[in-house]
Structure formats: C-alpha cells, structure tokens
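S.K.: How does the following fold in three dimensions:
(3 chains)
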Amino acid sequence: MDSLIVRTATKTILPLLLMFAIFLFLRGHNEPGGGFIGGLVAAAAIILLAVSGGVRHAETVTTRQTAQRMMAVGLLLAWLTAVGPILWGKPLLYGYWPPGWEILGIGKLGTPLLFDLGVFFVVIGMTLLVVLQLVDRVEKR
Amino acid sequence: MALMMALIVGTLFATGTYMVLRRNIVKMIIGLGLLSHAANLLLFTMGGLQRGAPPLLGEGGAKPELMADPVPQALILTAIVIGFGVMAFVLVLGYRTVQETHADDLDDLRTTSK
Amino acid sequence: MLLPFIVLSGLIAAPFAPLVVRAAKTRAGWVIALLPALIVAYLAAQLPLVLTGQVIEAEWPWVPSLDLTLAFRLDGLGLLFALLISGIGTLIAIYGGSYLKGHPDLGRFFLYLLVFMAAMLGVVLSDNLLALFVFWEMTSISSYLLIGFNHDQEASRKGALKALLITGLGGLFMLAGFVLLGEMGGSYTISQLPTTLSTMPLYLPMLILVLIGAFTKSAQWPFHIWLPDAMQAPTPVSAYLHSATMVKAGVFLLARLSPVLADTPAWLYLVSGFGLITMVAGGILALKQSDLKAILAYTTIGWLGTLVMLLGWGGHYAVEAAMVGVLTHALYKGALFMLAGGIDHETGTRDIHLLGGLRRLMPVSAVLTAAAALSMAGIPLLLGFVAKELLLEAALHTGYPDWLGWLAVVAVVLASLLNVAIALRLSYGVFFGPERYPKREGYKLHDPYPAMLLGPAVLVVLSLLFGVWPGGLNGMIAQASGAVLGESLTVKLSLWHGINLALILSLTAIALGVGVYLVYGRVANGVNRVLRPTFNNAYEMTLAGMLSGAGRLTGKIQHGYLRYYLMVILVVGAAAVGQAMIRYAGTLFSRPDLGNIQAYEIMIGVLTITAIVMIARTDDRYTAIVLLGVVGALISLIFVLFSAPDLALTQLLIETLMVIVFLLVFHFLLRDFPDHTSTFDRKRDLLISLVVGAAAFGLVLLAINIPGDPTITDYFVANSYTEANGLNIVNVILVDFRSLDTLGEISVLAIAGVGIYALLRGK
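M.R.: Prediction:
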C-alpha cells in the first residue's frame, strides 16, 4: 500500500480538495451540495492519502483522535442547534435567520447552516475514523 | 424508462435476495447492499421520473409543476448515508466474527458459546 | 382535592420504606404504620359527610385521549372498604414489624406493603374503569411479590406465580369486559354508567368477562386454588391481603357494579350460583386441612363465596348482610390469622395435630383466639352473630323459585355449621385439652410480643363492641348498601329480633356444628377420601403443557438460521404484493409513458442489469466488489439523468468509500469465496429470488399508477425559499423542514462509527 505517485499527487491537491469540500458544503443550501456531500468529499481526500501512503501520512492531516473529536463536536453542534431554540420558547429545531446576515454566493446565514455544519463534521469524523482504523489494522498485520 | 426501472429494481431485489440467502457471510453482506440499492431505486421511481428538472429554485430552474419531487430525494439521500453506516458496521462485525470463530459459514454461528 | 393524594400516598412513601427500616431499626413497623393511620384519620374525618349521603369526588386527568382519568369517588361503599384497608393496614404494619423483626429484607417488605395498600385504595376509590383496572393489576403484582417474599423457597415462588397467573389472567378478561362495558355505556366513569346496560345485546358476554375477573380475584370455585398456595406468604401478608383486603376486591367490584349490572336472571344465577358452590366447597375443604393457615384460607374461600352469593341475590337483606359480612370477616379473620402467626412464631409449627392445651402458656392469645372464633361461629354478643342473622334472613328472601330457595337455606345452614365446627377446632383444639407442642431446648413458650397482640386485640374489641351495639354501624351500612343498591335506605341493626325462623336456624347450625366438631376426625377422613385436588391437577397440567408447547414452538420458529427467517419475510412480502398485482392486473401496463425511453437509457439499464446479475454469478470476491461499485456508479448515473444531482453526488462518493472499506476488510478474510450450499439449496433460493424479483417488478408498476399526494411536496416547494432561505429544496428538507430525521440519522451514523471503532480496537 505505498504508491509514491498517488501519494505525492494527493498531497499536492489535498488543499484544493478540502477547499472544494468546504465550497460544496457552503453552497449546499442553494445548489447541489451540503453537509453530507461536502463531508464525504473532505473525508475522501484524506482517505486517498491514507490508502496511498498509510495512516502515518493521513495522520499528518487528521489523526484518528481528531476524527473522533470532529464526530463528537459535529453531533454536539447539531443537537445544540436542535435543542437550543427551546430555551427561547421556540419549537425544537426552529431555524433562526438573523436579519441582514448575508454573504454573496452563499446566501442568507442562519441556524440551519450551523446544523449542516454539524452534519458535515459527523460525516467526516465517522468515515475517517472507520477507514483510518481499518487501514491501521491492515498495516499492523 | 419506468418499465426499465421496474426491471432494474426487480433484478436488484432478485439478486439481493439470492445473495442474502447465501451461507457465506461476505455474500450475505453484498446482498444487503444490493437490497438497499433496490429500496432506494423503488422509492425513486415511485416519486415519478423527470428528466432535466432538478428540484432547485431560482433562475433557470424548472417550473415547480414540472420539477422532480424533492421528498423522495431527501429520503433516499438519508437512506444512502445510513446504508453506508450500516454496511460498514456489518462488514466489520462480520470480519471480527470470522476472526474470532474462524468460520465464514453462517450455519456455524448458531450459538454464542465457543 | 386531598383525596387523590391520600390514595397515592402509599406509592409516594414506598421507596422510602427501606430507609425508614434502616433508620428506625426495630421500631420501623410503628413508623410505617403512621401512614395508614393518617389515612384512617382522614377517612374518619370524612365520615360525618359521607354518613349524610354526600359523595366526595376529585379528578386528575391522566390520559385524556383514552378517556382515562384518575377520578376518585368516596361514597359509603368506598369508605367502608377504604377504612378496612387503611385500618387493618395500620395494625399489620405494626404486627409485621415485630413478626419479621431482624429480617434482612424488612425494608422490601414494607415497600411492597405500601404499594399494595395504595393500589387497594385505588381499586376501591377509583371512579374510572380503566384506572380501577390499573390499580387492580397493581394489587396482583404486589401480591405476587409479597407471596414470593421468601423467594429462596420453591413453594413460595410457585405459590406466587400461581396467584399471579390466575388473578392476572382473570384481570385480562375483566379488562375486555370493562372495554365492552365502557363502550356500551358510553363512559368509562363508573358513576355515569347508565342502568340500561342489561337490555343491550352484548350484556351477557360483558357480564361473564367482568365476572371472571371478580371470581379469580375473590378465589371463587373453580379459581379458588391459588389462595391456599398463597399462604406461603409471611403471615402478616396472609392476614392483610389474603383474608381482609385483596381477596375482597372481587366482592367489591360486584358491589360497585351492582347498580348497573344486577337485577337480571343471568346475574342472579351466575353470581349467586358460583358463590353458593364456593361457600359450601370452602367449608368442606377446610375440614380436611391440618395446617392452621390452610384452614383459615379455606374458610376464607367459603366466606368469600357467601359474600358473592349475597351480592348475586341482591335486595336489601342480602346486600346489608354482605356489607356487615365484609366487616365481620375482616375483623375476625384478620385477628385469627395474626394469632395463628403468633402461634407459629412461638411453637415453630402450624400443624394443628401437634398443638394443644396452650392456654396456660399463651393466655392472652387464648382469650383473643376464643373471642375471634366465637365471632366466626356466629355466637351472640359478637358481630358474627349479627352477620349470620342477616345472612339467614337474606337466604329466606332470595329471588329463587321456592325449591331452590330452600336448597339455598340448607346450604347456608350447612356452611354455618361447618364454620362453627372449624372455629371450635381452631380455638378449643389448640388451646384446651392436654398440653402439646414441639418442645425446644431452653425455650419457655410465652405469648407473642405486644406488637403482635395489638392487632388481634383491636380487631376482637371491635367485633365485641359492634356485636353488643350493632346499631353503631347503622349509618355506615346504610350508606354502603345504598351505594350497592343505587337507592338510599335506612338500616336498623339490632342484637335481638325476637324469636323468628332465622334465629332458630342459627341456633340449629350452632348445635349441629358442635356435633360435627365432636366427630371431627371421622368427618375429615371421609372428606379426604372423597375429594381429590382436581382443579390443581388441571392447573399444573395446563401450565406444564403451555411451557413445553411454547418450548417446542420456539424451537421451531427460532431455529437460528438467518436465511430461513429471511425466506419467510421475503416470501410473505412477495405474496402480499402478488395478491395486489392479481387484483390490479389490468392496470399494470396501462401507463402511456411506459415506453418513453431514450437509447442511452436503454444502454445504461442493460449495463446495470448485467452487472447486477454478474455479482451473483462470480466466484471471485474482488470481482464481486468491483461489480458492486459499478452498479453503484450506474445508479448514480440514473440519478443524474432523472434530476437528482444531490443523490448522484452522494451515491458516487459513498460507493467509493464502500469499495475501499470492502477491500480493506478483505485483507483479513479467508481468500476463497465458497458458497457452502448444496445444489438443491441454490435452486430453491433461485426460485425464491425470482418470485421476490417479480413481485418487486410488479410493485414498481403498481406504484407508479397511484397518484401521490402532492400536499407535502407542494408545501416544501412553495416555502423553501420564503421560509428557509434556500433554493436547493432537497437540502432545505434535510437541514430545515425535516431536520429531525437528519438529526436522528447523524446520531445513528456516529453510533455506528463508535461501534466500528470499538470492534476494531483490541487485538
């Protein structure tokens, strides 16, 4: 499981892939994309690194511990945006859009975006954790 | 295309069923994957097939009356991701089972004691 | 509004019982007794109101959609029972604390006891049928726990299970009856049920269902078999649940529902018939017992039969007799049980053949037992006499035809004389004659501790008080009987009615009873020879049969082969679709756009189908995985073609990941990819698969003919931008409209991740 070309190529394009993932995530509310797809692209980028260069290389970007934390943080974020509105007397998962908050190309900003960010992190964390752990086991054999 | 989709779904269900009934643990898991494809496509076809009219509003988008139904799409998207989680879990569980029991025949796994 | 709190106070206090025991040690019984004592005080404070015919009501909504409210209603009938429950409860708590002194599980005992008391108060004070049922089952469960209190003994466990099965099963029948009753009557509130129920077509089935519940609880023949076995319970429990309170729940239910259900021939003959048989059977079976508690159990069965019979007869003689009978029996039988417990505690045995002449060693017990036994025998100056006079009077005024009426009188006299004989055996036999008891080294037999004598003493004093002054009960009995009859009435109880037929019959019964006592041994032997425990055999056989039958069935159904489970599910599913296909066969291919297909779509379809079929045919697992990936990619292409860009992206990415995970896992698996199955199995599976596939094919064609409901879709399309500021409707559904589903989904995903991580750690 060691391919110099793929490894080098991946390392070069990794930042691009990660930026693309974030782009996909951000535009998701209006165009195809979103937390699931963005998360999967980001995870796939790092997994490519793991498959071509081993866990050691992948973990220079994201360690398994980080993956675990991402999963936890994402889940927490999603749950907080879900339960949070209750504190303000709103129903569960109420979406709040602060007036005037808008970014060109993304559109309005609101709590559903935070929720989607949670999804994004859970997807990255979960897939990375699983694949890195498997690759690690294969290497240790 | 609905007829073709019915054929694909039928084939997926038939093959999935056949694979799930195998005694080999890996074949069984592959069958599970096929069945989840089958269910997704069944749902997708039931929602009505529309060419070139994704459920996106905004300029250049299709008219709402002609637009593909977004509800089944949302359901299937969820199902695909959950399906991955389940498949990955079953695979790893299967691997650990084979490792612990040295058997990939489901019929050898009838008790929990060694 | 204090009433619901009073009823439920036992439940609130129960969890603290073990703490009280730990803190108060040997005085725990006295502390626990404070709660029932307070309830007695509360109830006593309501007496003046209730005695003037007023009713106290309180209601807490519980499950309003099911018409289930915690509605409580304190009328004369409820008050009589509630006073017995809390009053005797107080005495039992004190007695039990002493009886079980130093027992390691005393805390648990009081916990169960308080739960039981609350449940029992709930039964007698509920005004809602469903709430009554819930409390009713709570008494069954707490009774189960109390009978099985000594759970390290098999007999205890068996007795507890028997009681639970019989009363629990009866309770289920009763629930069915209650639902019928509530639906027929148009209300689940007992006090609002109409009196026209007996003219409705479902009256008889409903009555029978309710009666099964009442009869099992009140140990009526042939369901009486659980009560003797319940004597495995510690004696305080027997005294409280199995003589004074719980077994009277069935009697209470009959009394409570009398106003709406009685006054029909079916009620008269069913209720009084079973009651009469039970009355006689209980007396006769009691003769052959030699265990003190068993004797008391069978006489309890007999007396419960008497009460049921009286309520079956109806009319105010019988109902007054029943109400006085409930009180009388609770007073003397509760006392006798507690005294028997004391004797057991002291001598270490309850076998009546081993006991005799204890009056010098246990003088207080002797006096109390004698007084309670006299009440049981119906001797003047004790309340038992008043009860028996009323009973005989009622027997002379039944709604039966003449010949049956006289038979009833004979049966009542027979039961009375048996009671006299047994009462003599319990008191004279144990305390008089030559001294006899199992001797223990260095132990001087003496009366039990005062805490264990207080209860019987209070009960005996009350028996005597009301025996001498029955008029003191007039108001209470009038209100209770009035509630049963559904009319207001006045009652005049008195000691002396003049010389009449009832008195003569009563005296005859006493004389004959003494006669029977003199030849007791021979009578008991005769009974022993004739009667075999038939119903117990039937119970044992049914139970064993059910267990082995369930075992065999489970062995067949739960065989442990995944694929046979799957086959059943898939074939049944295919059959369900198949019958719909046959029904709508004409419309299957009716859609005009079925043939609307592009050339490249045909190619994709054929490719997909080929790849799928090859997965099943390949012998190489890597080929299978690559093909699975190809199928996924083709499906994502289909998503692209049919306007689902989000799905296409997700599918493609997931498919890639899936192939990676498969390949990684393959590193650890055996290299070969064997099928393990025989040719026959493969052919059979192929057939099943083709059937399932055909059904799925049909399902798609059926489904596209059914127009979907556009409401939800239209709502999302119309509001996606205005409400959620998003143009991608699929994404808006995921993160906003239906984000609860997504929240659940990512939680599952995270759990799967953690699960996989845990499986992959370690060696």
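S.K.: going forward, measure contacts and count neighbours with C-alpha atoms only.
M.R.: Noted.
S.K.: what about the residue in chain A sticking out farthest from the centre, which SS state?
M.R.: For chain A, the largest distance from the centre (Cα atoms, centre = their mean) belongs to residue A:89, which lies 30.6 Å off. Secondary structure of residue A:89, reduced to three states by DSSP: H, G, I helix; E, B strand; the rest coil: coil.
S.K.: likewise residue B:52?
M.R.: Following three-state DSSP, residue B:52 is assigned to coil.
S.K.: Show me where chain B has its helices.
M.R.: Along chain B, the stretches classed as helices by DSSP state H are B:2-20, B:25-46, B:70-101.
S.K.: Please apply the same query to chain A.
M.R.: Under DSSP H, chain A gives helices at A:4-27, A:35-53, A:55-61, A:64-87, A:111-140.
S.K.: picking that back up, just tell me which of the helices of chain B ends up closest to chain C.
M.R.: helix B:2-20 (4.1 Å; Cα to the nearest Cα).
S.K.: What pLDDT does the model give whichever residue of the stretch 101-250 of chain C sits closest to chain A?
M.R.: Relative to chain A, the nearest point of the stretch 101-250 of chain C is residue C:131 (32.7 Å; Cα to the nearest Cα). pLDDT for residue C:131: 90.
S.K.: on that earlier part again, so which of the helices of chain A gets nearest residue B:88?
M.R.: Among the helices of chain A, helix A:111-140 comes nearest to residue B:88, with 8.1 Å by Cα to Cα.
S.K.: Counting by contacts, list what that closest one packs against.
M.R.: With contacts taken as 3 or more Cα pairs under 8 Å, 6 or more residues apart in numbering or on different chains; DSSP states H and E, helix A:111-140 sits against helix A:35-53, helix A:55-61, helix A:64-87, helix C:645-666, helix C:739-760.
S.K.: could you give the angle of the next helix or strand after the fourth one to helix B:25-46?
M.R.: Where DSSP states H and E defines the elements, the next helix or strand beyond helix C:645-666 is helix C:679-705. Using axes from the mean of the first three to the mean of the last three Cα atoms, to 10 degrees, the direction of helix C:679-705 lies 20 degrees away from that of helix B:25-46.
S.K.: Helix C:679-705 - contacts with which helices or strands?
M.R.: Packing partners of helix C:679-705 (3+ Cα pairs under 8 Å, 6+ apart): helix B:2-20, helix B:25-46, helix C:562-583.
S.K.: Take those helices and lay them out in JSON lines including mean pLDDT.
M.R.: What follows is the helices and strands packed on helix C:679-705, written out as JSON lines (pLDDT from 0 to 100):
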{"stretch": "helix B:2-20", "mean pLDDT": "93"}
{"stretch": "helix B:25-46", "mean pLDDT": "92"}
{"stretch": "helix C:562-583", "mean pLDDT": "88"}
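S.K.: Name the nearest residue to residue C:294, sequence neighbours excluded.
M.R.: Distance criterion Cα to Cα, 6 or more residues apart in numbering or on different chains; nearest residue to residue C:294, sequence neighbours excluded, is residue C:228 at 5.9 Å.
S.K.: elements contacting the one helix or strand that neighbour maps to?
M.R.: Element membership for residue C:228 (DSSP H and E) is helix C:226-229. If you count contacts as 3+ Cα pairs under 8 Å, 6+ apart, helix C:226-229 packs onto helix C:154-185, helix C:292-313.
S.K.: need the ones you listed in JSON lines with mean neighbour count and mean pLDDT, can you?
M.R.: Shown next, in JSON lines, are these (neighbours: other Cα atoms under 10 Å in any protein chain shown; pLDDT from 0 to 100):
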{"stretch": "helix C:154-185", "mean neighbour count": "21", "mean pLDDT": "92"}
{"stretch": "helix C:292-313", "mean neighbour count": "29", "mean pLDDT": "93"}
